[in-house]
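# Next one to model:
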Amino acid sequence: MNFLNTSRLFSVRSIAGWYRLQSSSAGPGSNGSNGEDKTSKAISKTDDDHLSSERDTSDVTDSKTKLTKSKGQVVGPAQEPKRGFSIDDPKPAWQMIKKEFTSVGPVGVLKVPRETDILIIGGGLIGSSVAFWLKARHPTGYHVTVVERDPTYKSASSTLSVGGIRTQFSCPENIQMSLASIEFMRDLKEHLNIPGLADYEPPSVNFNQQGYLIIASENGAEQLKKNHQLQESCGAHVDLMTPDQLKNRFPWINMDGIALASYGISNEGWFDPWSLMEGFKRKAISLGAQYVKGEVIGFEHKSYSYVKDDMSKGWLEHIQDVLVKTEDNNTIYPVRTAMCVNCAGPWAGEIAKMCGIGEGTGQLRVPLPVQPRKRYVYIFHCPEGPALDCPMFIDNSGVYFRREGMAGNYLCGASPESEHEEPEIGNLDVDYDFFYNTIWPKLAARVPAFEKLKLKSAWAGYYDYNYMDQNLVIGQHPYHTKFYFANGSSGHGVQHAIAIGRAVSERILESKYRTIDLSRFHFNRFMDGELVKETSIY
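Numbering: from 1, shown residues only. Got it, this is the predicted structure:
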C-alpha cells in the first residue's frame, strides 16, 4: 500500500468528501441503517445534531457517503477545525501535508495515514494487545494503525488498574482467558523481545502470585461452590476452605459471618499493567504498527443500493473512513480503512454511537451497553497488618485489599452499594469520605489490625462497565460487519487483555476463534436476549 500516492491524496473523492462537510444543503437522502429512504437534514451547528452528507436521488449512481459524528463534537465558527483537504486554498492544503511528513531514513511517513487496513481506536492495553497479535501473525500482510488521544495514558484504565488476575469466575470463557494470559506472561520476555534493538530489555510485569481469597457468607456459599466446580473443570487450581481451615491459614482474619472461602493456589495474583502495555506497544511498533496521537470524532459511510423483496430500493452501508482529529494543528483527517476495532475502554459506547449503533432501527436499534464507571483506589500503611502471605482479599462486604510491596503498605477499594451512589464521572477527583465512612469500618471489622491504619494517598480511574451482563463484548457488529468490538469487560479487561487481543486477531484474520471460543460474547446476544451473566464481579 502506497501512502505517498499524491493521486490518492488529492483524489476527487477526498476533495468532494470534504466539500460536503463544509457546504451541505438539505435535500432528499437515504437511511442506510435500515434500508428505508428518508430525508436528509442540513448540517446544524448544535450539540444535538449529527453531520450527514447528501445523496443524489437520480438513477445515475447507486452509492452515497454519509458522515456521522458524536454529540458535542460540532464546533462553532470560532473553533471550526481545519479540514485535511481544502478546495478553497490548495496551497495551504499542500503545506499542511508537507508539514505532516516526518523523516524516517530516506522514506517519508505520514503522521496520520490516509489509508490503513485495520484501524484500532484506543491504544491502551487491549488496543495494543490487538495490534501486537495482528502484526505478530502477519508482520507484513496488513497495515495496522492505532489511534490514541492521550499517549501519556495519565487517565487510562490500563494504567490506573490495581492489576489483579484471577481464575475465579462463573463463566468458563473468563476462566480460560485468565489461564491463557498467565501462560503468556510466563514467557513474556520471549514473546515481547525485539531482536536487533540494542540495549532493549523486554518488560518485567512483576507478577506476584499470591492468589485471590474470596469470602462468602451463608447467602453466597452455594454460588461459591458452583463456581469452584466450574473452575476446577476448566483447569484452575482453587481450594475451598472452611472457617476452621481459613483461620488456620490466615490467623489475622476475623471469622464473623464467614461460611466459606475460595482461595486460588496458583495462576492468580497481581502484576504491573503499565509494563505489559508498554511491552505490547513497543513490540507492535517494531513489527510495523503505527501509533497516531489523535481523537476519533466520526465515521464516513459508503452506502449501496439493493432491490428488496417488494422490488423497492433499499440501502446497505459500511464504514469507509474514520475521522481522526489531531491536537497539534486542529485538523480532521479521513482515514480510509477496511476494518475498525473499538478498543476505547470506558468510552467505547460513545464510539459505537458515532457509528450509528444504537441510533437507528433494525440491527442498529440496540446500543453498545458500555458506559464509564468511576472507582477509587486507596493506599494505606499498617505496620501490624498481614505480612507476605497476604492475598488479594475479597470480603463478602464488597471491600477488597492487597499488599503493595513489603513495607506495610496496602491497596484497597470497593464498589458503591447501590446504583444511585455511583460517583460522577466528570473528573477523577477522589472521595476520601468514601474511605473513612464506608471502606475503613469494613476493613477493621475483618482485619482488626487495620484499626490502626493510616491513609497515605489515593487515585481514581474509569473502567468500561457492561450494564447488561458485566461481560466482554467481542466480534463484529451484525450490521457494520467491519466494525469489531473489544469492550465491556467490567473490571477484568486488564487481566484478559492478552487473550482478548489474540481472539480479535483470530476473528479478523481467520473469521473464527482457534484458541478460546468467545462466540457467546458477541453483540448479537443483546438483540436476541441471550445474556451471559458473570456473577463474580468485584
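# pull the longest helix from this structure.
Using DSSP state H, we find that the single longest helix of the chain is helix 493-510.
# Going by neighbour count, list what's buried in the helix or strand following that helix.
Using DSSP states H and E, the helix or strand that follows helix 493-510 in sequence is helix 524-528. Across helix 524-528, burial judged by 16 or more other CB atoms under 10 Å covers 524-526. Heads up, the C-betas are built off the backbone N, CA and C, glycines and all.
# Using CSV, write out every CA atom in helix 524-528.
The C-alpha atoms that make up helix 524-528 are tabulated as CSV, following Å, rounded to 0.1, in the frame of the first residue of the first chain:
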residue,chain,number,x,y,z
ASN,A,524,-26.0,-10.4,18.9
ARG,A,525,-26.8,-11.6,22.4
PHE,A,526,-28.2,-8.2,23.3
MET,A,527,-30.5,-8.3,20.3
ASP,A,528,-31.6,-11.9,21.0
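# got the contact list for that helix?
With contact meaning CB atoms under 8 Å, 6 or more residues apart in numbering, helix 524-528 is reached by 363, 366, 369, 468-469, 478, 530-532.
# In PyMOL, how would I select just the buried ones from those residues?
Restricted to buried positions by 16+ other CB under 10 Å, the PyMOL selection for these reads:
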select buried, resi 363+366+369+468+469+478+532
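# Strands of the stretch 351-500 of the chain, residue ranges please.
Taking DSSP state E, counting those that start in this stretch to define them, one finds strands in the stretch 351-500 of the chain at 370-381, 392-394, 399-403, 409-414, 454-466, 473-476, 483-487.
# Scan the helices and strands of this protein for the one with the lowest mean pLDDT.
The helix or strand of the chain with the lowest confidence, counting by mean pLDDT, DSSP states H and E, is helix 6-9 at a mean of 32.
# what about stretch 262-274, how long is it end to end?
This stretch, stretch 262-274, spans 28 Å end to end (CA to CA, to the nearest Å).
# which of the residues in that stretch are buried?
Result for stretch 262-274 [16+ other CB under 10 Å]: buried residues 262-264, 267-274.
# Also stretch 121-133?
Neighbour-count burial for stretch 121-133, counted by 16+ other CB under 10 Å, picks out 121-133.
# Then stretch 328-339?
Residues of stretch 328-339 classed as buried by neighbour count (16+ other CB under 10 Å): 331-339.
# With stretch 160-171 instead?
For stretch 160-171, burial by neighbour count (16+ other CB under 10 Å) applies to 160-171.
# Stretch 448-465 too?
Across stretch 448-465, burial judged by 16+ other CB under 10 Å covers 450, 453, 458, 460-465.
# Also stretch 132-145?
Neighbour-count burial for stretch 132-145 flags 132-138, 142-145 (criterion: 16+ other CB under 10 Å).
# That stretch - what's its average pLDDT?
Stretch 132-145 shows a mean pLDDT of 94 in the predicted model.
# Out of the buried residues of stretch 262-274, flag the one nearest to residue 400.
residue 270 (11.0 Å; CB to CB).
# Tell me if I'm right that the closest one and residue 182 touch.
No - Residue 270 lies out of contact with residue 182 (CB atoms under 8 Å); the separation is 11.9 Å.
# residues shared between the contacts of these two?
Common neighbours of residue 270 and residue 182, counting by CB under 8 Å, 6+ apart, are residue 165.
# Okay, and which of the buried residues of stretch 132-145 map to strands?
Taking DSSP state E as the definition of strands, the buried residues of stretch 132-145 contribute 144-145.
# Reformat the buried residues of stretch 160-171 into a markdown table and put distance to residue 293, pLDDT and secondary structure next to each item.
Below are those laid out as a markdown table (distance: CB to CB, whole Å; pLDDT from 0 to 100; DSSP: H, G, I helix; E, B strand; the rest coil):
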| residue | distance to residue 293 | pLDDT | secondary structure |
| --- | --- | --- | --- |
| 160 | 20 | 95 | helix |
| 161 | 22 | 95 | coil |
| 162 | 27 | 96 | coil |
| 163 | 25 | 96 | coil |
| 164 | 30 | 97 | strand |
| 165 | 30 | 98 | strand |
| 166 | 34 | 98 | coil |
| 167 | 37 | 98 | coil |
| 168 | 38 | 98 | coil |
| 169 | 35 | 98 | coil |
| 170 | 39 | 97 | coil |
| 171 | 36 | 97 | coil |
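# picking up where we left off before, make TSV out of the buried residues of stretch 328-339 and add secondary structure and pLDDT.
Shown next, in TSV, are the buried residues of stretch 328-339 (DSSP: H, G, I helix; E, B strand; the rest coil; pLDDT from 0 to 100):
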residue	secondary structure	pLDDT
331	strand	90
332	strand	94
333	strand	95
334	strand	96
335	strand	97
336	strand	97
337	strand	97
338	strand	96
339	strand	96
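# residues touching residue 444, list them.
Going by CB under 8 Å, 6+ apart, residue 444 touches 450-451, 453.
# nope, residue 471 is what I was after
Applying CB under 8 Å, 6+ apart to residue 471 gives the contacts 171, 174, 488-490, 521, 532-534.
# And these, which of them are buried?
Buried members of these, scored by 16+ other CB under 10 Å, are 171, 174, 488-490, 521, 532, 534.
# Using JSON lines, lay out those together with distance to residue 352.
Formatted as JSON lines, the buried ones among the contacts of residue 471 follow (distance: CB to CB, whole Å):
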{"residue": "171", "distance to residue 352": "23"}
{"residue": "174", "distance to residue 352": "22"}
{"residue": "488", "distance to residue 352": "10"}
{"residue": "489", "distance to residue 352": "15"}
{"residue": "490", "distance to residue 352": "16"}
{"residue": "521", "distance to residue 352": "15"}
{"residue": "532", "distance to residue 352": "19"}
{"residue": "534", "distance to residue 352": "21"}
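# Relative to residue 429, which of the residues you listed is nearest.
Using CB to CB, residue 490 is the member of the buried ones among the contacts of residue 471 that lies nearest residue 429, at 22.7 Å.
# Chain neighbours aside, what residue packs nearest to that closest one?
Residue nearest to residue 490 in three dimensions, not counting chain neighbours: residue 470, with 4.2 Å by CB to CB, 6 or more residues apart in numbering.
# burial measure for that neighbour, as a count.
Using other CB atoms under 10 Å, residue 470 is surrounded by 21 other residues.
# try residue 342
Look at residue 342: counted by other CB under 10 Å, it has 29 neighbours.
# Equivalent analysis for residue 419, please.
7.
# starting at the chain centroid, how far to stretch 481-490?
When distances are taken as CA atoms, centre = their mean, to the nearest Å, stretch 481-490 is centred 8 Å away from the chain's centroid.
# Ends of it, what's the gap?
Stretch 481-490: ends 24 Å apart by CA to CA.
# Next up, the contacts around the residue at minimal distance from the centre of the chain.
The centroid of the chain falls nearest to residue 345 when counting by CA atoms, centre = their mean (2.9 Å). Applying CB under 8 Å, 6+ apart to residue 345 gives the contacts 122, 124, 126, 156-158, 462-464, 487, 493.
# just to revisit the earlier point, Throw the buried residues of stretch 132-145 into TSV and include distance to residue 503, thanks.
Shown next, in TSV, are the buried residues of stretch 132-145 (distance: CB to CB, whole Å):
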residue	distance to residue 503
132	13
133	9
134	12
135	16
136	14
137	12
138	16
142	17
143	21
144	16
145	20
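# Appreciated, that's everything.
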